[in-house]
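Novice: here is a sequence together with a model predicted from it:
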Protein chains: 2
Amino acid sequence: MDERKRKLLKAIVKDYVDTAEPVGSRTIAKKYDLGVSSATIRNEMSDLEDLGYIEQPHVSAGRIPSQKGYRYFVDYLMEKENISPGEISAINNLFSHKLIEIDEILKESCRLLSHLTNYTALVALPHMEGDTLNYLQLLLVGMNQILVVMVTKNGLVNNRVFDFQSPIGPDVLSQWEQHLRQKFLKMNIAAVNEKLLDEMTKLFAGEYENPAAVIAKKVQAGAMTGGSDNKVFLVGSSNMLKQPEFQDIDKVKYILELLEQDERMRHLMAPVTEEDVNVSIGLELPYAEMKECSLVTATYSVDGKIIGTVGVLGPTRMAYSRTVSMVDYVAKQLSDIFKIRNKDS
Amino acid sequence: MDERKRKLLKAIVKDYVDTAEPVGSRTIAKKYDLGVSSATIRNEMSDLEDLGYIEQPHVSAGRIPSQKGYRYFVDYLMEKENISPGEISAINNLFSHKLIEIDEILKESCRLLSHLTNYTALVALPHMEGDTLNYLQLLLVGMNQILVVMVTKNGLVNNRVFDFQSPIGPDVLSQWEQHLRQKFLKMNIAAVNEKLLDEMTKLFAGEYENPAAVIAKKVQAGAMTGGSDNKVFLVGSSNMLKQPEFQDIDKVKYILELLEQDERMRHLMAPVTEEDVNVSIGLELPYAEMKECSLVTATYSVDGKIIGTVGVLGPTRMAYSRTVSMVDYVAKQLSDIFKIRNKDS
DNA sequence: GTTAGCACTCTCACCTGTTGAGTGCTAACC
DNA sequence: GGTTAGCACTCAACAGGTGAGAGTGCTAAC
């Protein structure tokens, strides 16, 4: 790969990203100043094709970048694109507005990313692996409900309501609270979530003769942050339909179906620790349905500990430079937000 | 509309729903036992077209039901379709599993509805208009955070975290708690959500000299049920792409874009009080983009008070009978769930 | 009122020829 | 030896044309 080939590949990627049409040698010769004629470009293109960086949809069409070509572009050719002042202020504006809850911040980030990039945006909620229980309190709510309030080290609040049939006195309650604190404080929050129900059941069982009768109903109520542990926000999946390469319903159908599967999206957004921003192109993604898609992700973290991921999914023919900048910036802003939130706790 | 015309219209709707192809007179004569020949059916069809119940895509095609035709079918011709035992048990299974939180129940209902009907399912979260505050407590969490725990009459739990900079003593806290209880208990929950921040600000301001400096940051954290007040769950929007009438990207693009707009979905799912199950066909829906869609909704309620809506959105060529049964049954099950949840509170 | 028969209409699928974009190759040029 | 002009060749896309098939409306007979 000499310099001219790199310039040529860069031009091909750029033009194809812009136009979504296969790029011919004459187009390159006219639009990009490589200083050589279309015939030379033809020869070079032939070489690039042999090397696997570009391919031809059919013999009389221009060339399009291959997955390998995009990879090379992203790794070596792409220039950093600055975000326009207007866009920066749009993002900052969102984050300066502190009086909204954490879910809302993330959802808005997602919406914003989708809007700015015109692709599909994903945000994985802070996952609480590694987060520990810092505070636990039992409250008697109404006559027959115990509310368990828990706060984690990272400041996430977590409720559960337990219904039961016989009234419970305050003395018993504080005794239970003591017990639960001893057992669960400083414990990993995932483990707590898992074991709390068991433990409550044991408490009920120890206090009353027939546990099955007493805890006939146990209902968790209220929004439980534990539930959002695994959530992934998704905004702008309809943006996929705007892409010229996805005008075929059958192509896009499988992608949209995939996007609806939370489990898979969680997998997709599982943090990759290597770098700040990660770009996965085509078949590098774990699902074959997405072979014509690329995903740009970045993690956000607190104290160097990764707690969540933001990402943008688009066609492989993606404006990589711009998208990387956006995702990177939003992730950094999120990290800042969380830093501020945790300073006092 | 004599009996024969009604039978004919019914047959046309049924066949078109099944095949998605315009229905010809010969098809009807062969597949449905109306006891007359295709020629007679042709004459009757011509009448039905004059009456506006069916229409012809072009002169040499069969007929398809018009919006008016579907309306007539839904209002007068549709027979109640029983849900199969397998499906009933699938639904009951979901609801018997009580150990999941309220959001999860609704989300799962949505998923189930979409899966059973193969259309797009929507569930509007219980809106808390009319729900009042029943319980309020302040907890000191960490050194610099107050956690406000609220429980509504309907049993929904609601948290907010307020950060501040100087430590607060337990005496002040209980004084504030007193004040907030006096002010907010029994108040409409929407009003509480709106005014709580103001009130907290006032409390801070009364206690310290320079409020601006002290409450430099106020961050609401944790999952706040108030936020879910307006949420709408949506599952299976990719099912739209499976419908033969939506093979055209441009048609479906606008619909999917619409589905992504929470505000509009909320509007779409705003309860209609008239009946148990409501069917909106084509242009009866508030958005012109959905002129080829139909929406079946049902409300779920507690003590006769409507608290939320479930719905299924599909093409106007929808299996109305089956869908109505499904939506109705799920809504009733949800009402039951909420009845159980509220019995003790 | 019902039905068989028939002419008519229109879509759809298929074929065909044309156009234009773009290539690869060759031979000439610097 | 690299570069370029020229040219033959390939193929997708488009437009126009044709035939088959589905379905209708109308008419006349039952």
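Specialist: Nice, thanks for sending it over.

Novice: how about chain A: which residue is closest to DNA strand D?
Specialist: Distances between chain A and DNA strand D by Cβ to the nearest atom of the strand are smallest at A:S60, namely 3.0 Å. No exception for glycine: its C-beta is placed from N, CA and C like everyone else's.

Novice: and A:L313, that one's in a strand?
Specialist: Yes - assessed by DSSP: H, G, I helix; E, B strand; the rest coil, A:L313 belongs to a strand.

Novice: state the distance from the nearest residue to it once chain neighbours are set aside to chain B.
Specialist: Excluding its sequence neighbours, the residue lying closest to A:L313 (Cβ to Cβ, 6 or more residues apart in numbering or on different chains) is A:T120, at 4.4 Å. Using Cβ to the nearest Cβ, to the nearest Å, A:T120 is found at 10 Å from chain B.

Novice: likewise A:L112?
Specialist: Where chain B is concerned, A:L112 sits at a distance of 14 Å (Cβ to the nearest Cβ).

Novice: where do the helices sit along the stretch 151-300 of chain A?
Specialist: Counting by DSSP state H, counting those that start in this stretch, the stretch 151-300 of chain A has these helices, from start to end: A:170-184, A:189-207, A:211-214, A:225-228, A:249-259, A:262-268.

Novice: quickly, which of those bottoms out on average pLDDT?
Specialist: Set side by side, the helices of the stretch 151-300 of chain A give their lowest mean pLDDT on helix A:211-214, at a mean of 39.

Novice: so what's the residue nearest to A:L313 scoring on pLDDT?
Specialist: With respect to pLDDT, A:T120 has a value of 98.

Novice: phi, psi for it please.
Specialist: Main-chain torsions, A:T120, degrees, to the nearest 10: phi -90, psi 130.

Novice: near it, how many other residues are there?
Specialist: 24 (other Cβ atoms under 10 Å in any protein chain shown).

Novice: kindly list the longest helix within chain A.
Specialist: helix A:320-343 (DSSP state H).

Novice: quick one: it to chain centroid distance?
Specialist: Offset of helix A:320-343 from its chain centre (Cα atoms, centre = their mean, to the nearest Å): 12 Å.

Novice: same for that helix, what does it pack against?
Specialist: If you count contacts as 3 or more Cβ pairs under 8 Å, 6 or more residues apart in numbering or on different chains; DSSP states H and E, helix A:320-343 packs onto helix A:85-96, helix A:102-117, strand A:277-281, strand A:293-302, strand A:305-315.

Novice: what parts of chain A come near DNA strand C?
Specialist: When proximity is defined by Cβ under 7 Å from any atom of the strand, chain A lies next to DNA strand C at A:21-27, A:38-39, A:42, A:45-46, A:49, A:56, A:59-63.

Novice: number of nearby residues for the nearest residue to A:S321 once chain neighbours are set aside?
Specialist: Nearest residue to A:S321 in three dimensions, chain neighbours excluded: A:E81, at 4.0 Å (Cβ to Cβ, 6+ apart). Using other Cβ under 10 Å, the number of residues around A:E81 comes to 14.

Novice: residue contacts, A:E81?
Specialist: The contact partners of A:E81, by Cβ atoms under 8 Å, 6 or more residues apart in numbering or on different chains, come to A:321-322, A:324-325.

Novice: and the residue in the stretch 1-150 of chain A that DNA strand C sits nearest to, what is it in contact with?
Specialist: Going by Cβ to the nearest atom of the strand, DNA strand C is nearest to A:G24 of the stretch 1-150 of chain A, at 2.9 Å. Applying Cβ under 8 Å, 6+ apart to A:G24 gives the contacts A:61-63.

Novice: got it, and A:L138?
Specialist: Contacts of A:L138 (Cβ under 8 Å, 6+ apart): A:146-149, A:173-174, A:176-177, A:180.

Novice: would you mark the buried spots in stretch A:3-13?
Specialist: A:6-13 (16 or more other Cβ atoms under 10 Å in any protein chain shown).

Novice: residues making contact with that stretch?
Specialist: Stretch A:3-13 has contacts (Cβ under 8 Å, 6+ apart) with A:23, A:28, A:31-32, A:34, A:36, A:41, A:44-45, A:47-48, A:53-54, A:63-65, A:69-70, A:72-73, A:76-77.

Novice: quick one: buried ones out of those residues?
Specialist: Buried, going by 16+ other Cβ under 10 Å: A:23, A:28, A:32, A:34, A:41, A:44-45, A:48, A:53-54, A:63-65, A:69-70, A:72-73, A:77, out of the contacts of stretch A:3-13.

Novice: out of the residues of chain A next to DNA strand C, which sit inside helices?
Specialist: Those of the residues of chain A next to DNA strand C lying in helices (DSSP H): A:25-27, A:38-39, A:42, A:45-46, A:49.

Novice: ok so the residue nearest to A:S321 is a strand residue?
Specialist: No - counting by three-state DSSP, A:E81 falls outside a strand, being coil.

Novice: show the pLDDT at it.
Specialist: 93.

Novice: quick one on the thing from earlier: just give me the closest of the contacts of A:E81 to chain B.
Specialist: When those are ranked by distance to chain B (Cβ to the nearest Cβ), A:R322 comes first, at 21.9 Å.

Novice: let me know the distance separating the closest residue to the closest one other than its chain neighbours from chain B.
Specialist: Spatial nearest neighbour of A:R322, excluding adjacent residues (Cβ to Cβ, 6+ apart): A:E81 at 4.9 Å. Distance, A:E81 to chain B, using Cβ to the nearest Cβ: 27 Å.

Novice: list the residues that contact A:Q243.
Specialist: A:20, A:314-315, A:317.

Novice: farthest pair within those?
Specialist: Longest distance between any two of these is 12.0 Å, between A:A20 and A:G314; criterion Cβ to Cβ.

Novice: okay, those two: which has more neighbours?
Specialist: Set side by side, A:A20 and A:G314 show more neighbours around A:G314, with 24 against 13, by other Cβ under 10 Å.

Novice: which ones are touching that one?
Specialist: A:G314 neighbours (Cβ under 8 Å, 6+ apart): A:117, A:119-120, A:239-240, A:243, A:293-294, A:296, A:323.

Novice: same check on A:I105?
Specialist: A:94-95, A:334, A:337.

Novice: tell me the pLDDT at A:D276?
Specialist: 84.

Novice: what about it, how many residues close to it?
Specialist: When neighbours are counted by other Cβ under 10 Å, A:D276 registers 12.

Novice: I'd guessed it sits against A:A298; true?
Specialist: Yes - using Cβ atoms under 8 Å, A:D276 is in contact with A:A298, at 6.0 Å.

Novice: now the common contact residues for the two.
Specialist: A:328, A:331.

Novice: number of residues surrounding A:Y16?
Specialist: The number of residues near A:Y16, taken as other Cβ under 10 Å, comes to 21.

Novice: should've said A:T152
Specialist: 23.

Novice: show me what contacts it?
Specialist: Applying Cβ under 8 Å, 6+ apart, we find A:T152 in contact with A:128, A:131-134, A:158, A:189.

Novice: again with A:S280
Specialist: Shown in contact with A:S280 (Cβ under 8 Å, 6+ apart): A:294-297.
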